[in-house]
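Trainee: missing the sequence, but the structure's below:
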C-alpha cells in the first residue's frame, strides 16, 4: 500500500542525508517534496500541514543547522514526527477486564472486513494464551453468521451458533451468558454494518454497547477507502466512544493516506492492522515500526515476531543440524520454502528488511515458490536426497509431473548447487572464526 509514498519519501530523505550543509532554501524544497508526496498519498490536508510545520520548526533550530550531520538529523525529525502522528508512545494494547470475560465489540461499515477481522483477532488472542469466544450478532446479514462460523471453525475458535431469527441484543446477551458459563476469558461480538452511517445502525450499536458494557469498542476501517474511512471513524467515535481502530487491507494497492490520517483526525489509536487475506494476517500496530517500513528503515522486530509465529522451532533445529552436517537436501529446501510461505507475502517481508523496501513487485514473483515446491514434489524421495542422479529422462518425467519446463528444473538444480557451495564456505569460515563473504542477491 505504501510503495509509491515510500519511494517518494525515501528519495527526498536520501538527498537530505547526503547534504553536508542544510540551508533554509534546501529545507524548504525538501519539505515541499514531502508535502506533495503525502498529499498524493491521500493524507488529510490538516495532518500534512501539521507535520510540515513541526518538521520545519525543529529542523531550522541552531542545533540542527550547526550539526556535523544536519541531513541525518532532519531525516530523524521527519521519522519522529510521522511516528507521532501515528501514535508513537501511546499504549495501544487491548484492555483487560478485572474479572473475565473481557468483552470486545467490533463495529464498522459493511464491506470493511469486520467479520473476518473478528476471527483474525480471535486467533491472535488465542496465540497470546487467551480463550476467546466469537458471537455473530450481525442478524441483518444472515451470511455474516455463517461466515463467522465457517472462518471460526477453520481457525479452531469456538463460535456461538444460532439461526439469526432473534434480535441482535438478544443474541449477544445469550452468547455472553454461554461464555460466562463456559469459562471463556474474552468475548468478541461481531455487529451489523451498513453501506453508510444511518440512525438505525447507530441505535442498534448504542443498545448493544449499553447492554454488554464492552471493555473495547474497535472500529474496523477499510484502508482502501481513503479519507472515507477517516470520516467514518470520527463519526463512530462521536456516537460510541470507540477505543481503537483496526485498519484492514493494508496489503492492497491504495495510496495509504487513511493509515497516516486516522489517528490524528479521528482521535482514536490504531490497535491492529490487517496485512493479508489469511486468518493469521493480523498484527498489533506499532507506530515506530510502521514508519520504519514506510521510510525503508525496515521492521526487524516485526520480522522476528512473524518468524517466531510461523516457524516450528523443532523443525528449524532439525534443519540447522542438517546444514552443519552437510546433509541439507532438496526435501529440506522444500520444507524451508513452506515455512517461508507461512510468514506471508514476500513483498510484506521485504518491507521489514532494512533497505529492501524498494524491491519492486515485478522483481518478486509470488508464484515462484509454488513452482519450485511443485518441481521438488514431482521428484522421488531418492531424487530429492541425491539430485545428482537426475538425468534427462528423469527431468522429463518431473517436467510432466510438475507442469514446469526442463530448463526451469535445470535452473532450480543449479541454484541449489550454488546454495550448497555457499553453505560449505560459510561452515568453513565459521570453523576458522572468520566472517564469511556472502553473495549479494539483487539487481
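Mentor: Nice, I can see it. The structure displayed is predicted, hence computed values, not measured ones.
Trainee: which non-adjacent residue is nearest residue 118?
Mentor: If you skip the residues right next to it in sequence, residue 118 has residue 190 as its closest partner in space, 4.3 Å away by Cβ to Cβ, 6 or more residues apart in numbering. C-beta here means a position set from N, CA and C on the backbone, and glycine is covered the same way.
Trainee: Tell me how many other residues crowd the nearest residue to residue 165 once chain neighbours are set aside.
Mentor: Nearest in space to residue 165, with sequence neighbours left out and distances taken as Cβ to Cβ, 6+ apart, is residue 139 at 7.8 Å. By other Cβ atoms under 10 Å, the residues close to residue 139 number 22.
Trainee: Let me know the secondary structure of residue 139.
Mentor: In terms of secondary structure, residue 139 is coil; the call rests on DSSP: H, G, I helix; E, B strand; the rest coil.
Trainee: Report the contact partners of it.
Mentor: Residues in contact with residue 139, defined by Cβ atoms under 8 Å, 6 or more residues apart in numbering, are 145, 164, 165, 166, 167, 168, 171, 192.
Trainee: Wait, the last one touches residue 204, no?
Mentor: Right, residue 192. Yes: if you go by Cβ atoms under 8 Å, residue 192 and residue 204 touch, sitting 6.3 Å apart.
Trainee: Residues that sit against both of those two, list them.
Mentor: Common contacts of residue 192 and residue 204 (Cβ under 8 Å, 6+ apart): residue 168.
Trainee: My read is that residue 226 contacts residue 257, right?
Mentor: Yes: between residue 226 and residue 257 a contact is recorded at 5.6 Å, counting by Cβ under 8 Å.
Trainee: So for these two, which sits in the more crowded spot?
Mentor: More crowded of residue 226 and residue 257, by other Cβ under 10 Å: residue 257, with 25 against 20.
Trainee: how far away is the more buried one from residue 39?
Mentor: 8 Å (Cβ to Cβ, to the nearest Å).
Trainee: for residue 407, same thing?
Mentor: Taking Cβ to Cβ as the measure, residue 407 and residue 39 are separated by 47 Å.
Trainee: More neighbours: which of those two?
Mentor: With neighbours defined as other Cβ under 10 Å, residue 407 and residue 39 compare such that residue 39 has more, 15 against 10.
Trainee: so is the more buried one in a helix, a strand, or just coil?
Mentor: Residue 39 is classified as helix under three-state DSSP.
Trainee: Contacts only, for it.
Mentor: Residues near residue 39 by Cβ under 8 Å, 6+ apart: 45, 48.
Trainee: and residue 403, how many neighbours?
Mentor: Counted with other Cβ under 10 Å, residues neighbouring residue 403 total 11.
Trainee: Please, where are all the helices along the stretch 301-443 of the chain?
Mentor: 313-324, 330-342, 346-352, 368-377, 381-385, 392-402, 406-431 (DSSP state H, counting those that start in this stretch).
Trainee: Least confident of the ones you listed, on average?
Mentor: Within the helices of the stretch 301-443 of the chain, confidence is poorest for helix 346-352, with a mean of 57 (mean pLDDT).
Trainee: quick one: low-confidence ranges for the stretch 1-150 of the chain?
Mentor: Of all residues in the stretch 1-150 of the chain, those with pLDDT under 70 make up the ranges 1-4, 17-22, 61-71, 91.
Trainee: redo that, cut-off 50
Mentor: Within the stretch 1-150 of the chain, the ranges that satisfy pLDDT under 50 run 68.
Trainee: Okay, strands next: where are they in it?
Mentor: Along the stretch 1-150 of the chain, counting by DSSP state E, counting those that start in this stretch, strands occupy 102-107, 132-136.
Trainee: Which of those strands sits closest to residue 219?
Mentor: Comparison of the strands of the stretch 1-150 of the chain against residue 219 by Cβ to Cβ identifies strand 102-107 as nearest, at 5.6 Å.
Trainee: Run the angle between that closest one and strand 132-136 for me.
Mentor: Note on geometry: by axes from the mean of the first three to the mean of the last three Cα atoms, to 10 degrees, strand 102-107 and strand 132-136 are set 40 degrees apart in direction.
Trainee: quick one: strands adjacent to strand 102-107?
Mentor: For strand 102-107, the paired strands and their directions (DSSP bridges) read strand 186-190 (parallel), strand 216-222 (parallel).
Trainee: mind checking which of these is nearest residue 288?
Mentor: Distances from residue 288 to each of these were compared using Cβ to Cβ; the minimum, 20.9 Å, belongs to strand 216-222.
Trainee: re earlier: tell me which of the strands of the stretch 1-150 of the chain lies nearest to residue 178.
Mentor: For the strands of the stretch 1-150 of the chain, the distance to residue 178 is smallest for strand 132-136, at 7.7 Å, taking Cβ to Cβ.
Trainee: contacts for that closest one?
Mentor: With Cβ under 8 Å, 6+ apart as the test, strand 132-136 has contacts from 101, 115, 118-119, 121-122, 125-126, 144-145, 147-149, 152, 157-160, 162, 171-172, 175-176, 178-179, 182, 184-190.
Trainee: go again using 6 Å as the cut-off
Mentor: Residues from elsewhere that reach strand 132-136 (Cβ atoms under 6 Å, 6 or more residues apart in numbering): 122, 125-126, 145, 148, 152, 157-160, 172, 175, 179, 184, 186-190.
Trainee: separation between the residue most central in space within the chain and residue 46?
Mentor: Centroid check for the chain by Cα atoms, centre = their mean gives residue 275 as the closest residue, at 3.5 Å. Distance of residue 275 to residue 46, computed by Cβ to Cβ: 27 Å.
Trainee: who wins for proximity to residue 262 among the strands of the stretch 1-150 of the chain?
Mentor: strand 102-107 (14.6 Å).
Trainee: contacting residues for residue 38?
Mentor: For residue 38, the residues meeting the contact criterion (Cβ under 6 Å, 6+ apart) are residue 48.
Trainee: Kindly provide the distance from it to residue 45.
Mentor: Applying Cβ to Cβ, one obtains 9 Å for the distance of residue 38 from residue 45.
Trainee: Repeat that for residue 375.
Mentor: Between residue 375 and residue 45 the computed distance is 52 Å (Cβ to Cβ).
Trainee: Looking at those two, which is more packed in?
Mentor: The residue with more neighbours, out of residue 375 and residue 45 and counting by other Cβ under 10 Å, is residue 375; that gives 24 against 12.
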